[in-house]
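[1] the amino acid sequence is not available; the structure is as follows:
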Ligand code: CP3
């Protein structure tokens with residue numbers, strides 16, 4: 001039978017051992033990933049279903065994690081909106097043209113992911129067969145604000161000048177962009193769910209750059225609309241607002257199964273602030289994976305204790321694993337979590 005622990009915990013039922021998966025678990029720290037990636041560029045890897053499926057399964061086989069996460073990127077559904085996307089070595093993503101004026105937003109296409117992102121549904125279909133009994137498959141999307149920052153800035157940013165300029169100077173314009181992106185996100189996640197993912201995660205990596213008030217007024221309503229639109233599927237949803245501890249008083253109202261928490265907020269405090277009735281996912285500092293085994297184990301023990309206050313707990317890092325991380329440490333983490341809670 002398929003490993004049931006992730007889905008049980010997402011539905012609020014604790015298990016022994018507790019499940020663990022790792023954000024960015026398929027990635028450059030794994031030599032097996034690098035050997036596939038060596039044959040092609042990152043975007044082509046995302047768009048070649050056999051290869052994307054192969055690297056999705058790698059961490060399940062190599063590390064023994066309790067879930068697979070679709071190998072793709074949050075920026076993938078932005079290309080068919082009419083934005084050109086490139087990943088430059090050492091520079092991160094570059095999106096052009098940047099979306100800054102009313103005409104730029106009007107030109108964006110709300111596309112049909114079944115047609116424009118067929119490689120994603122094909123990857124999911126391959127995984128449905130090849131993962132079959134091994135582990136459940138998590139699909140994902142960027143949340144609209146995080147996607148908006150990449151579109152408006154044209155890539156990564158330090159101070160999000162153009163994003164905040166648009167939000168503060170033309171909230172109506174900003175809102176029309178958020179609405180278009182949300183329509184794409186809803187369609188994109190519907191497609192993934194129909195193709196067979198068993199849970200979805202919404203990554204809101206940059207939500208934390210906003211004040212509570214700006215988040216509540218200009219971002220949260222769009223996230224809420226996405227969650228409501230997906231609710232008919234009854235597939236578990238995880239919402240992860242990185243650096244978002246100060247937003248919990250608003251986020252707690254979101255009707256999702258699980259909240260991701262970064263390493264800054266202890267899980268017992270996150271649990272209180274989120275209403276005391278949530279499943280939590282997290283929250284080991286990814287840099288802890290550079291500690292010696294005994295110290296790492298102490299940190300893991302702390303997090304398991306903290307997580308015991310929540311309705312259920314899915315172990316994860318507080319953000320993605322770094323490319324420099326020794327793979328044997330990541331495997332060690334998975335084994336420690338399973339042993340301590342088994
Ligand atoms: O987690 C997984 O294993 C699934 C795959 C996945 C990737 N990106 C693969 C990837 C997921 C879920 C993402 C999400 C993603 N992508 C986020 C949200 C999560 C987070 O980290 O906060 C964001 C902000 C992005 C945007 C993105 N993609 C950036 C900024 C970069 C460049 C930085 C870097 O690490 O090079 C990427 C590239 C990327 N996405 C890589 C991988 C494995 C590295 C590409 C390579 O092989 O060269």
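    Nice, thanks for sending it over. The structure displayed is predicted, hence computed values, not measured ones.

[2] what sits against residue 147?
    By CB atoms under 8 Å, 6 or more residues apart in numbering, the contact set of residue 147 is 74-75, 78, 181, 185. C-betas here are computed from N, CA, C, even on glycine.

[3] around the ligand, pick out the residues from the stretch 1-150 of the chain.
    23-28, 37, 42, 69, 71-75, 87, 92-93, 140 (CB under 6 Å from any ligand atom).

[4] from these, which land in helices?
    Those of these mapping onto helices are 37, 42, per DSSP state H.

[5] which residues in this structure form strands?
    In the chain, the segments counted as strands under DSSP state E are 68-69, 84-88, 92-96, 137-142, 199-204, 237-241, 258-260, 279-284, 312-317.

[6] which helices and strands does the second one pack with?
    What it means is strand 84-88. Strand 84-88 sits against helix 42-47, strand 92-96, with contacts defined as 3 or more CB pairs under 8 Å, 6 or more residues apart in numbering; DSSP states H and E.

[7] and among those, the most buried is which?
    When you average the neighbours per residue for each of these (mean count of other CB atoms under 10 Å), helix 42-47 leads with a mean of 18.

[8] tell me which strands and helices that helix is in contact with?
    helix 49-63, strand 84-88.

[9] I'd assumed residue 15 was in contact with residue 279.
    No - with contacts counted by CB atoms under 8 Å, residue 279 stays clear of residue 15, the gap being 11.7 Å.

[10] if you count what's nearby, which of those two comes out ahead?
    residue 279 (24 against 18; other CB atoms under 10 Å).

[11] and that one, what does it touch?
    Contacts of residue 279 (CB under 8 Å, 6+ apart): 9-10, 12, 257-259, 310-314.

[12] what would these look like in CSV with pLDDT and distance to residue 116?
    Compiled in CSV, those are given as follows (pLDDT from 0 to 100; distance: CB to CB, whole Å):
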residue, pLDDT, distance to residue 116
9, 98, 33
10, 98, 29
12, 98, 35
257, 97, 28
258, 98, 29
259, 98, 30
310, 98, 38
311, 98, 38
312, 98, 36
313, 98, 37
314, 98, 31
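
[13] weed out the non-buried ones from those residues.
    Buried members of the contacts of residue 279, scored by 16 or more other CB atoms under 10 Å, are 9-10, 257-259, 310-314.

[14] show me which of the residues you listed is closest to residue 333.
    Of all the buried ones among the contacts of residue 279, residue 314 has the smallest distance to residue 333: 13.8 Å, by CB to CB.

[15] ok, the closest one - contacts?
    6, 9-10, 18-21, 258, 279-281.

[16] go on, residue 191?
    113-114, 117, 120-121.

[17] what are the boundaries of the helices in the stretch 201-342 of the chain?
    Per DSSP state H, counting those that start in this stretch, the stretch 201-342 of the chain carries helices over the ranges 212-218, 220-230, 248-251, 267-273, 293-307, 327-341.

[18] what's the first one in contact with?
    This points to helix 212-218. Under CB under 8 Å, 6+ apart, the answer for helix 212-218 is 167, 171, 174-175, 178, 207, 210, 246-247, 249-250.

[19] now that helix: buried residues?
    214-216, 218.

[20] next: the fourth one.
    In terms of neighbour count (16+ other CB under 10 Å), helix 267-273 has its buried residues at 267, 270-271, 273.

[21] can you tell me which of the residues you listed is nearest residue 321?
    residue 267 (19.1 Å).

[22] where does this structure dip in pLDDT?
    Judged by pLDDT under 70, the chain has no weakly predicted residues.

[23] the top helix by length along the chain vs strand 199-204, what angle?
    In the chain, assigned by DSSP H, the helix with the most residues is helix 171-195. Calculated by axes from the mean of the first three to the mean of the last three CA atoms, to 10 degrees, helix 171-195 forms an angle of 160 degrees with strand 199-204.

[24] residue nearest the middle of the protein, spatially speaking?
    Residue closest to the mean C-alpha point of the chain, counted by CA atoms, centre = their mean, is residue 203 at 3.9 Å.

[25] residues in contact with that one?
    Residue 203 makes contacts with 74, 140-143, 146, 240, 242, as judged by CB under 8 Å, 6+ apart.

[26] and those, which two are the farthest apart?
    Farthest pair in these, by CB to CB: 141 and 242, 14.8 Å.

[27] out of the two, which sits in the busier spot?
    residue 141 (25 against 21).

[28] is that one in a bridge, and if so with what?
    residue 202 (DSSP bridges).

[29] so which of the strands of the chain is nearest residue 337?
    Once the strands of the chain are compared by CB to CB, strand 312-317 is nearest, at 4.9 Å.

[30] which one of the buried residues of helix 267-273 is nearest to residue 334?
    Among the buried residues of helix 267-273, and counting by CB to CB, the member closest to residue 334 is residue 267, at 18.6 Å.

[31] gap between that closest one and the ligand?
    Between residue 267 and the ligand the computed distance is 19 Å (CB to the nearest ligand atom, to the nearest Å).
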